[in-house]
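with the sequence up front, the predicted model follows.
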Amino acid sequence: MLALALAAVFYAPRHPAHASPSRPLGSAVLVDARVPGTSAALAQGRTLFDENCSSCHGTQAQGSSLAPNLRGLGSATVDLWVSSGWMPLANPGVQPARKPSHFTPSQTLGIARYVASLAPGGLAIPTVDLKGASSAEGFSVFALNCAPCHTITGAGDALSNGIVAPPLHGVTGTQIEEAVRTGPGNMPRFSTFTVSKQQLADVVDYVTRYVEHPDSPGGGLTLGGVGPVAEGFVGLFAGVGLCVLIALWIGDRNESSGESEPGHGDGSHDEGPGTETPEREVAHA
Amino acid sequence: MPEAPGTDGAGNEAGTGGAGHSGHPGASVPTGAPQFQVAAKNPRRVEGAVAVAFLASLLAFAAFGAAFWVAASSWVLGVTLGVALSAFGFALVAWGKYLMPQGPFEEPRPQMATTPAEKQEFVADFATRGKVAVERRGVLVKLMGAAGAVLGVVLAFPLIRSLGPRPNQEQSLYHTKWRKGAKLTSIEGRAVRVDDIEIGGIITVFPPDDLGGAFSQTVLIRVQQTGDIVTEPGRETWGPHGYLAFSKVCTHAGCPVGLYEELTQQLLCPCHQSLFDIGTGAMPVFGPAPRPLPQLPLYVDSKGYLRAQADYDEPIGPGFWYRGGSNGGPQ
Amino acid sequence: MIDSLFSWIDDRVALSRSGRHLLDKIFPDHWSFMIGEIALYSFIVLMLTGVFLTLYFVPSSTPVVYHGVYAPLRGQTVSAAFDSTVNLSFQVRGGLLMRQMHHWAANIFVGAIVVHMLRVFFTGAFRRPREANWMLGTTLLILAIFNGFLGYSLPDDLISGTGIRIAFSIMESIPFVGTYLAYFLFGGSFPGTAIIPRFFILHVLVLPLLIIGLLAGHLGMLVKHKHAQFPGKGARDDNVVGSPLWPTYAAKAGGFFFLTTGVTALLGAIVQINPIWQYGQYYAYKVSYAVQPDWYMGWLDGALRVMPSWELNLPGHMIPTVFFPAVLLPGLTFNLIYAWPFIEAKLSGDTAEHHLLERPRDKPLRTAIGAAVFAFYFVLFGASATDVLANYLSLSLNVVLWAFRILCIVVPIVVFPVTYKICLELRATPGAGQRKRHNLVVRTADGGYTTIAAEEYPGYVKAELEPVALDQVDLVSAMAADADQGTEGVYQIPRDYR
């Protein structure tokens, strides 16, 4: 039961009632043109949905006690969740991690289009257009809107209560646009007011060209991009550690207790705080 | 330079002899004693190793120079330099550790503690001279002390008069730039209208005259489609059309609280992980933050723009000594 | 030429009159005495690389538009400090290497100070007459931490700017004077434009001068006292046994400097540190997750994280929650460290002068206290990475934080008795920690079995040599005689290696 409740928390996409048709997101382009043989693709998507999704989401994607209603969500949401491998779920109760998708891109499109065809509304799969995109503007928008959770290096990090802001390595431009606009799971959704269409293209440009290749300008191993904690461990264990090992080689390695040589020294060093224990006497005896 | 101190400066190791010092090995330590022998079992081999290391460092230093000349990448520079320095250091240490008399040698160490007689003599000298110097000149001593005291006081003046304004002169501790009617404005300078943000959306806003302000930064979140949203009694009109606005400055240590977990409707601070529940007025529910994020009262004007009803009703951000109590404003 | 130059100088400073004494100065050879040298050499690396960086760094918050080679920043408005730091990384030959070496050297510098301090503590080297030097060293640690934080802040990047914001809040939290201190340091309210130039002059002039001065005092007192030593053959309170400064120790220490520098250069070459071009310019309203200070401030950050949300409300005033972990805790910590030599002298009643060190096991109480206190700070250090650990271990952040809240109390309580017991056991075990000798099982003529210890294997010489008083011998002729013989040396292990 707990797992189900958690699953509901993690996966519940917004109720379709939330998905106001008046949302100013009309700039996205429908995918129909990209899928040849529309009816055949729909039929394939339906088969795949029935085989892989309907046991939880219901045969008409109407949802069940196990999984939310998908009707009216639009193809972008479905495409994002399926193409990133979050769905089908590996482990209910844990926020899904990115994994290789179960389906080929065209199968994924078929499922998305089939679900979108069941009810109107929602966001269609966006077309990423990087013509004229500025990575500098994208960097700036990324730092304000994405870095707070995903970190400025895109490494991702743990939020509260087991929620994770996943790493951004390996994501596609389409997935970035879908996630920003639909807000999967606990991610907020960003309207075109907050992040304009051009700014979103800029962010995609920045993430795919720089965040996913953090080592491109040089400087050496990147230590996972998690900041000074990892650097501190390297500094202490590789830096100081190596120097101490060198010192071990240079110097002597004995520190006589003097036990074999009673009578050296002045003996006063044997008296310290609270060390006059019986064991001490035994050791000397 | 006939009086030059002999061979002292002539060579490296010969220098240790010291002019005029007639070496006289102690009777118990003959010249051939093991203490004087080198530590290496096979000095020839160590010599070879040291030579190889010096040679390696020479080549690596040259490689570093070449890499620098052609502006090679950082890691090429670093590796050649690191290898050169390490090989040079290794050679020096091996030379010192294996090819020099292994010892051990000793020298005497005086006790630090002085005898009572030594102390007494010194203190007596000090006191007597001082007494003679200032005797019958008590007025001068007092004047010197007074002048010194004034100097000490005025030395602090630059610190308190010119380093910065006094905090109670600047009201930024207690007030932000939010005013009645200030439009909620994005960092790009666009005012937010009521249908600009989606449910589950978040945006950082400022008063129009303080874009990017460190203290006026505010997060605007939309949690539902229509209707006022009430976080606490007394805030019935603060959240129109499902919009809530909270100070983005954490009440713990002042970091920007920008991590919005949309399903659980909680804000997380990235620095020390304080968690604020926005539905209950950004009450801290986890972590070290002691107070809720102050809420900015909003209203929607006739053209649909979101505006502030007033400034925050309490000082935003982390606590400080003069912040009286939990609601404290300026005294 | 060199002769005449030396003569000219010597006639004016009379170096040769005390020369022999200087050259004969003895340094004990134990490896643990060289940890402080790591800190010293790192400091030299810091100064050399730091001077390089100041040639290009512009300590100013003035907004400029970035026009350098890193495309994602081009056209962004950044501070002159950030702009110059990125430019010196990418457009100055060797600049990135120097900056990374500088940062790594800082991490190693403070780390070596801490390890050195642990060595001094656990061997009782802080006892009379070295109490003052212990306090001087503690001051050096504090200055090193402060200067590290200042340097971390100078590039004005997103991560370090967040750190400065927290520093402002911490200063504000001090009762009575806090807001004044914060406003005076920042030249007004946060962030202002004064902080970068002020941090710069503190970082490159004021604190380095203080560190150099105190370092001179630290080493001067070391020369005056002569180095403490472990008891061993011929080592007494009234002598010092080891290698002479010239030439043996000079070669070893000089070589160690180059090795330390080499390690720093290799780290600077191979491992990226503080890639500020990825972080971008700091703006007060921008932030990244996974922000932490450099490791030596980590224990303070960890303390801020695990501290419960207690705030003290007084009539008209308050003591904010950050005061307790970020002001009170370090205050108590360093005062305890300052006072420890006197606390221990009071407890033990031992106020005599000591130059022979103690093995940690021989002082179980001190060792246990030290280990427990160190464990406490180590847990706090770990707590500064709660979010990163939660992410890597796939645990809930809340669970990890609660774990650290409990651990920082439980771990010291467990470490104390365990350390104490280990000390007692070690002391009661003859030959503990020393090289083992094989046991041979021998069958006797009448069919019984006995066990005897095996003989030492060849080359394992136990003989410990008597130290030779250098003022009694002529090292030169001895060395010359050794060279004349041209024979192979007899390998002796210099000190007792039991």
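Cool, the structure landed.

so, in contact with chain A or not, whichever helix in chain B runs longest?
Counting residues, the longest helix found in chain B (DSSP state H) is helix B:43-69. No. Helix B:43-69 stays clear of chain A (Cβ under 8 Å from any Cβ of the partner chain), getting no nearer than 13.4 Å. Every residue, glycine included, has its C-beta placed from N, CA and C.

all strands of the stretch 101-250 of chain A, in order?
Along the stretch 101-250 of chain A, the stretches classed as strands by DSSP state E, counting those that start in this stretch are A:157-158, A:164-165.

phi, psi for residue C:239 please.
phi -150, psi 180 (degrees, to the nearest 10).

is chain B contacted by the host helix or strand of residue C:53?
For residue C:53, the host element (DSSP states H and E) is helix C:35-54. No. For helix C:35-54, no contact with chain B is found by Cβ under 8 Å from any Cβ; the gap never falls below 9.9 Å.

after that helix, heading C-terminal, what element do we hit next?
Next in line after helix C:35-54, if elements are assigned by DSSP H and E, sits strand C:63-65.

identify the residues contacting the helix or strand following that next one?
Sequence order places strand C:77-79 as the next helix or strand after strand C:63-65, per DSSP H and E. Strand C:77-79 has contacts (Cβ atoms under 8 Å, 6 or more residues apart in numbering or on different chains) with C:60-66, C:86, C:156, C:196, C:280-282.

and what of stretch C:172-185?
Stretch C:172-185 is contacted from outside by B:159-160, B:163-168, B:170, B:173, B:318-322, C:168, C:171, C:189-190, C:195, C:198, C:317, C:319-323, C:326-327, using Cβ under 8 Å, 6+ apart.

do a quick rundown of the helices in the chain.
Picked chain A for this. Taking DSSP H as the criterion, chain A carries its helices at A:2-11, A:38-52, A:54-57, A:75-83, A:105-118, A:135-145, A:147-150, A:173-182, A:197-206, A:228-233, A:241-250, A:278-284.

wrong one, I was asking about chain B
Under DSSP H, chain B gives helices at B:43-69, B:74-98, B:116-134, B:138-155, B:157-162.

any residue of stretch B:185-204 touching chain A?
Yes. Counting by Cβ under 8 Å from any Cβ, chain A is contacted by stretch B:185-204 at B:186-187, B:190, B:192, B:195-204.

out of these, who's nearest residue B:74?
Among those, residue B:187 lies closest to residue B:74 (Cβ to Cβ), at 34.3 Å.

model confidence score at the closest one, please.
We have a pLDDT of 95 for residue B:187.

mind exporting the C-alpha coordinates of the helix holding residue C:53 to CSV?
Backbone C-alpha positions of helix C:35-54 (Å, rounded to 0.1, in the frame of the first residue of the first chain) are rendered in CSV as follows:
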residue,chain,number,x,y,z
ILE,C,35,54.2,16.2,7.6
GLY,C,36,54.6,19.8,8.7
GLU,C,37,57.0,20.2,5.8
ILE,C,38,54.3,19.3,3.4
ALA,C,39,52.3,22.3,4.7
LEU,C,40,55.4,24.5,4.4
TYR,C,41,56.1,23.5,0.8
SER,C,42,52.5,23.8,-0.2
PHE,C,43,52.6,27.3,1.2
ILE,C,44,55.6,28.1,-1.0
VAL,C,45,53.7,26.6,-4.0
LEU,C,46,50.7,28.8,-3.1
MET,C,47,52.9,31.9,-3.1
LEU,C,48,54.6,31.1,-6.4
THR,C,49,51.4,30.2,-8.2
GLY,C,50,49.5,33.0,-6.4
VAL,C,51,51.9,35.6,-7.7
PHE,C,52,51.4,34.3,-11.2
LEU,C,53,47.6,34.6,-10.7
THR,C,54,47.7,38.2,-9.4
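
circling back to that earlier point, ok, which of the helices of chain A comes nearest residue B:49?
When those are compared by Cβ to Cβ, helix A:241-250 sits nearest residue B:49, at 13.4 Å.

returning to what we had before: the contacts of strand C:77-79, buried ones only, as a PyMOL selection?
Paste this into PyMOL to select the buried members of the contacts of strand C:77-79, with burial taken from 16 or more other Cβ atoms under 10 Å in any protein chain shown:
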select buried, chain C and resi 60+61+64+66+86+156+196+280+281+282
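
which of the contacts of strand C:77-79 lies closest to residue A:176?
Nearest member of these to residue A:176, counting by Cβ to Cβ, is residue C:280, at 18.5 Å.

ok, the residue nearest to residue B:67 when sequence neighbours are not counted to chain A distance?
Among residues not flanking residue B:67 along the chain, residue B:76 sits closest, at 4.8 Å (Cβ to Cβ, 6 or more residues apart in numbering or on different chains). As judged by Cβ to the nearest Cβ, to the nearest Å, residue B:76 and chain A stand 10 Å apart.

shouldn't residue B:76 be in contact with residue B:66?
No. Between residue B:76 and residue B:66 there is no contact, the gap being 9.6 Å when judged by Cβ atoms under 8 Å.

which one of those two is surrounded by more residues?
residue B:76 (18 against 12; other Cβ atoms under 10 Å in any protein chain shown).

what's the pLDDT at the more buried one?
Value listed for residue B:76 in the pLDDT field: 94.

picking up where we left off before, could you dump the helices of chain B into CSV with distance to residue C:289 added?
Output for the helices of chain B, formatted as CSV (distance: least, Cβ to Cβ, whole Å):
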stretch, distance to residue C:289
helix B:43-69, 37
helix B:74-98, 28
helix B:116-134, 62
helix B:138-155, 45
helix B:157-162, 38
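
how about the residue of chain C most remote from its centre, secondary structure?
The centre of chain C is farthest from one residue, residue C:446, which by Cα atoms, centre = their mean lies 62.5 Å away. Following DSSP: H, G, I helix; E, B strand; the rest coil, the label given to residue C:446 is coil.

mind checking pLDDT for it?
87.

in chain B, which helix or strand is least confident?
For chain B, counting by mean pLDDT, DSSP states H and E, helix B:157-162 ranks last in confidence among helices and strands (a mean of 78).
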